[in-house]
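Visitor: Sequence first, then the predicted structure, then my questions.
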Amino acid sequence: MAEQFDVVIVGGGPGGYAAALYGAAAGLHVAMIEAERVGGTCLHRGCIPAKELLQTAEVLRTVGSAKDFGVDAGEPSLDLTVSQARKHQVIDKLTRGLETLLKGRKVTVIPGTANVVDAGARHVRVSDGSELRGDALILATGSVPRALPGIDFDGHQVLSSDDVLEISEVPARVAIIGGGAIGCEFASLLADYGSEVTLVEALPRLLVGVDPDAARVVERSFKRRGITIHTGAKVRGVDPGPEATLRFEIDTGGTQLAVDRVIVSVGRRPRSEGIGLEESGIALDRGSIVVDDHLRTSIDGVYAVGDVVPTPQLAHVAFSEAIVAIRTILGEPVAPIAYDRVPWGIYCHPEVAFCGLTEEDATERGYDVVTKTERFGGNSRAMIMGEADGLVKIVTERDGPILGVHIVGPWATELLAEGYLAVNWEATPADLAPLIHPHPTLGEVFGETALALTGRALHG
């Protein structure tokens, strides 16, 4: 006999465990199936380990420039094994905390993989032989690194984004395929670690989707730091040997680049195969589970959240999707997620953060667009920190609300919250201009930008 639950969740990553915690807090009897330790890609192979290694890069930069502040700390050296050990300590502590939360809310966590036996009956079989049924079923199976045709990951010379996070030594020469968020983070940290980095991107510029003004700041910074950038490049293959040879084409013709490691960073694909979805009649589109704006699939009572659906692959988006799904299951009113307003953070150096529309997007949608940009170069706190490269750009409708906020520079990911609130509450520059920003802070640049949009700038 299958054990009965109010909600059965397949996958224990951000979408799955958030649904479990939120549902259990509402009094639902919840079971969650997870093949590994709870936490998913973000905690074990993505956000958290990547940011720990990026924090190591920041410490290395800080120590390296200490003489500029009158602090002679000598020439810094990196022991990557220590950083990796610290990374695993952080991950383990966070995982144990999450396990304690789930236990405290009486979520039944079942180790193993799941197969959907009958989606209509919300009937799932676990690899240990147990069977579960739910009044509702939530699919949160996550994603895996996307490969390129003809280029297979070997974990030694050709690395996925998962593989990079476990390196024990710094490669002397590395080529990174993909100039999106993940590729730029890897390029930044490896350059700080001392690698000779080449970044190869098929599209005309880095960080497509980021406002071009912000992306240009990153590209200029990368070039000053010695990172070689090839955009508009078509990768043809990787030849193994004592050293790997990356073959690609650019405007000047075919190019071969000898490196120690090739990192393929071209995004992640949904993990939807091999769990009985198509056999159960659950609609898929290029591997992603098709859902409506309340995360309902084509089968009544079955929901999907997180990387397995075609929405931004961000842990905080998965958290929000989990809440929408649970509230829908409970019959509670809930607004669909405004995906074009979600906050994004990219943790390269300099950091990038944004939400809402870019100037290009807003213009294409027919808005009468007004923008204002203020740079960190004149900000006293940024000068004190020695991190004055970057800008704040606000995109607004003429005599209307703020449509987008784009920040590149020091602590950009921490500074975005104010912009996110402004965009989602449809505040106008006039609403923000009277608000006081403490001095000296980095946040003053946002305040100056809003003030300038009213026609009366102070320092700008």
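Guide: Cool, the structure landed.
Visitor: Give me the pLDDT value at the spatially most central residue of the chain.
Guide: With the centre of the chain defined as its mean C-alpha position, the nearest residue by CA atoms, centre = their mean is residue 314, 4.7 Å away. Residue 314 is assigned a pLDDT of 97 by the prediction.
Visitor: From what I see, it and residue 344 are in contact.
Guide: Yes. Judged on CB atoms under 8 Å, residue 314 makes contact with residue 344 at a distance of 7.1 Å. In short, each C-beta sits where N, CA and C put it, glycine included.
Visitor: Would you mark the buried spots in stretch 113-123?
Guide: By neighbour count, and taking 16 or more other CB atoms under 10 Å as the criterion, the buried residues in stretch 113-123 are 113, 114, 115, 116, 117, 118, 119, 122, 123.
Visitor: Pull the residues that contact stretch 305-321.
Guide: With CB atoms under 8 Å, 6 or more residues apart in numbering as the test, stretch 305-321 has contacts from 11, 13-16, 18-19, 40-42, 46-47, 138-143, 267-268, 270-272, 285, 288-291, 295, 322, 324-325, 337, 339, 342-344.
Visitor: pLDDT weak spots in the stretch 201-350 of the chain?
Guide: Low-confidence regions of the stretch 201-350 of the chain, defined by pLDDT under 70, are absent; no residue qualifies.
Visitor: what about the helices in it?
Guide: Read by DSSP state H, counting those that start in this stretch, the stretch 201-350 of the chain holds these helices, from start to end of the chain: 212-224, 315-329.
Visitor: looking at those helices, which is closest to residue 258?
Guide: Closest approach to residue 258 among the helices of the stretch 201-350 of the chain (CB to CB): helix 212-224, 21.0 Å.
Visitor: Buried ones in the closest one, by neighbour count?
Guide: Residues of helix 212-224 classed as buried: 212, 214, 215, 216, 217, 218, 219, 221, 222 (neighbour count, 16+ other CB under 10 Å).
Visitor: can you check stretch 137-150 too?
Guide: By neighbour count, with 16+ other CB under 10 Å as the criterion, the buried positions of stretch 137-150 are 137, 138, 139, 140, 141, 142, 143, 144, 145, 146, 148.
Visitor: Can you classify residue 169 by secondary structure?
Guide: Secondary structure of residue 169, reduced to three states by DSSP: H, G, I helix; E, B strand; the rest coil: coil.
Visitor: In contact with it, which residues are there?
Guide: Applying CB under 8 Å, 6+ apart, we find residue 169 in contact with residue 80.
Visitor: For it, give me the backbone phi and psi.
Guide: Backbone torsions of residue 169, given as degrees, to the nearest 10, read phi -140, psi 150.
Visitor: how close does it sit to residue 242?
Guide: According to CB to CB, to the nearest Å, residue 169 and residue 242 sit 17 Å apart.
Visitor: Pull the residues that contact the lengthiest helix in the chain.
Guide: For the chain, the longest helix by residue count, based on DSSP state H, is helix 80-104. Surrounding helix 80-104, the residues in contact under the criterion CB under 8 Å, 6+ apart are 17, 20-21, 24, 32, 37-39, 43-44, 48-49, 52-53, 56, 109, 165-170, 193.
Visitor: Now do residue 405 against residue 4, distance only.
Guide: For residue 405, the distance to residue 4 - CB to CB - is 47 Å.
Visitor: Compare the two and say which one has the larger neighbour count.
Guide: Shown here are residue 405 and residue 4; by other CB atoms under 10 Å, residue 405 has more neighbours (28 against 13).
Visitor: Can you give the strand pairings for whichever strand or helix holds that one, parallel or anti for each?
Guide: Counting by DSSP states H and E, the secondary-structure element that holds residue 405 is strand 402-409. Within its sheet, strand 402-409 is paired with strand 351-356 (antiparallel), strand 391-397 (antiparallel), according to DSSP bridges.
Visitor: Quick one: work out the angle between the longest one and helix 212-224.
Guide: With axes from the mean of the first three to the mean of the last three CA atoms, to 10 degrees applied, the angle from strand 391-397 to helix 212-224 works out at 160 degrees.
Visitor: pLDDT of strand 391-397, averaged?
Guide: 98.
Visitor: Does residue 387 touch residue 379 like I think?
Guide: No. If you go by CB under 8 Å, residue 387 and residue 379 don't touch, sitting 9.6 Å apart.
Visitor: Neighbour count: the two, which is higher?
Guide: With other CB under 10 Å as the criterion, residue 387 and residue 379 differ in neighbour count, and residue 379 comes out ahead with 26 against 19.
Visitor: Show the contacting residues for the residue nearest to the more buried one when sequence neighbours are not counted.
Guide: On the basis of CB to CB, 6 or more residues apart in numbering, the spatially nearest residue to residue 379 that is not a chain neighbour turns out to be residue 445, at 5.3 Å. With contacts defined as CB under 8 Å, 6+ apart, the neighbours of residue 445 are 374, 375, 376, 379, 382, 391, 392, 409.
Visitor: so what's the backbone phi/psi at residue 445?
Guide: Backbone torsions for residue 445, taken as degrees, to the nearest 10, come to phi -60, psi -40.
Visitor: Distance-wise, check it relative to residue 93.
Guide: As it turns out, when the distance is counted by CB to CB, residue 445 lies 34 Å from residue 93.
Visitor: again with residue 441
Guide: Look at residue 441 and residue 93: by CB to CB, they are 31 Å apart.
Visitor: repeat for residue 443
Guide: Between residue 443 and residue 93 the computed distance is 30 Å (CB to CB).
Visitor: Apart from its chain neighbours, what residue comes closest to residue 29?
Guide: Here the residue nearest residue 29, using CB to CB, 6+ apart, is residue 6, at 4.5 Å.
Visitor: And for residue 63?
Guide: Of all residues not flanking residue 63 in the chain, residue 76 sits nearest, at 4.1 Å (CB to CB, 6+ apart).
Visitor: isn't there a helix covering that neighbour?
Guide: No. Counting by three-state DSSP, one finds residue 76 to be coil, located in no helix.
Visitor: List the contacts of it.
Guide: If a contact means CB under 8 Å, 6+ apart, then residue 76 has 60, 63, 64 as its contacts.
Visitor: Go ahead and name everything in contact with the strand or helix carrying the second one.
Guide: If I follow you right, that is residue 63. For residue 63, the enclosing helix or strand under DSSP H and E is helix 47-64. Counting by CB under 8 Å, 6+ apart, the neighbours of helix 47-64 from elsewhere in the structure are 42, 73, 75-76, 78, 83, 86-87, 90-91, 94, 165, 182, 185, 188-189, 192-193, 315, 347-349.
Visitor: Give the buried residues for it.
Guide: 47-58, 60-61, 63.
Visitor: Please name the nearest non-neighbouring residue to residue 377.
Guide: Using CB to CB, 6+ apart and skipping residues adjacent in sequence, the residue nearest residue 377 is residue 388, 4.8 Å away.
Visitor: Tell me the pLDDT of the one you found.
Guide: Predicted confidence (pLDDT) for residue 388: 94.
Visitor: Using the three-state scheme, assign it.
Guide: The three-state label given to residue 388 by three-state DSSP is coil.
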